[in-house]
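Asks: Predicted model, plus sequence, below.
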Amino acid sequence: MVAARSGEGYRDGVPKLSTLLVIAALVVGGVVAWDHFGRNARIATQTVIGQPVELTSDAAVQAASANVSTAAVSLEAYRAANGTYSGATGIPAGVRVVEADDSTYCIESTVHGETVSDRGPNGRVVAGGC
């Protein structure tokens, strides 16, 4: 007959119990952190989203200029592939193609009431529409 050693069951259970306690503490800590940071993030997001964004005139012009510059690159790539600006696709949102033929184009963008345009190719972005 094999004699059981004193406390054998207790020692075998200690690592399992301590591992379980560590895992439980991590889960509880994660839930608490998620609740705290998630709630603060929702409040911050609602504060930002709830307020209308006002751009200065200069910022609006810069945003519209960036739109037009990006579209001009797209138009040049389209012409390189197709031999014309007419029917160009891939123009970014917020940009309107006013004119486009085999050799020229005019595009414009309006952001918060500020309009800029580019009469290309090799044009400059200028204030005002086409």
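Replies: That came through fine. Residues are numbered from 1 along each chain as shown.
Asks: going forward, measure contacts between C-alpha atoms and count neighbours the same way
Replies: OK.
Asks: mind checking pLDDT for the spatially closest residue to residue 69 that is not a sequence neighbour?
Replies: Excluding its sequence neighbours, the residue lying closest to residue 69 (Cα to Cα, 6 or more residues apart in numbering) is residue 125, at 7.5 Å. Note for residue 125: predicted pLDDT of 93.
Asks: Residue 125 against residue 68, yeah?
Replies: Yes. Using Cα atoms under 8 Å, residue 125 makes contact with residue 68 at a distance of 7.3 Å.
Asks: When these two are compared, which one has more neighbours?
Replies: residue 68 (29 against 19; other Cα atoms under 10 Å).
Asks: Okay, and the more buried one sits in which element?
Replies: Residue 68 belongs to helix 57-82 when assigned by DSSP states H and E.
Asks: where do the contact lists of residue 125 and residue 68 overlap?
Replies: 116-118 (Cα atoms under 8 Å, 6 or more residues apart in numbering).
Asks: From those, which land in strands?
Replies: Judged by DSSP state E, strands contain the following of the shared contacts of residue 125 and residue 68: 116-118.
Asks: What is the nearest of the residues you listed to residue 103?
Replies: Lowest distance from residue 103 to those (Cα to Cα) belongs to residue 118, with 14.0 Å.
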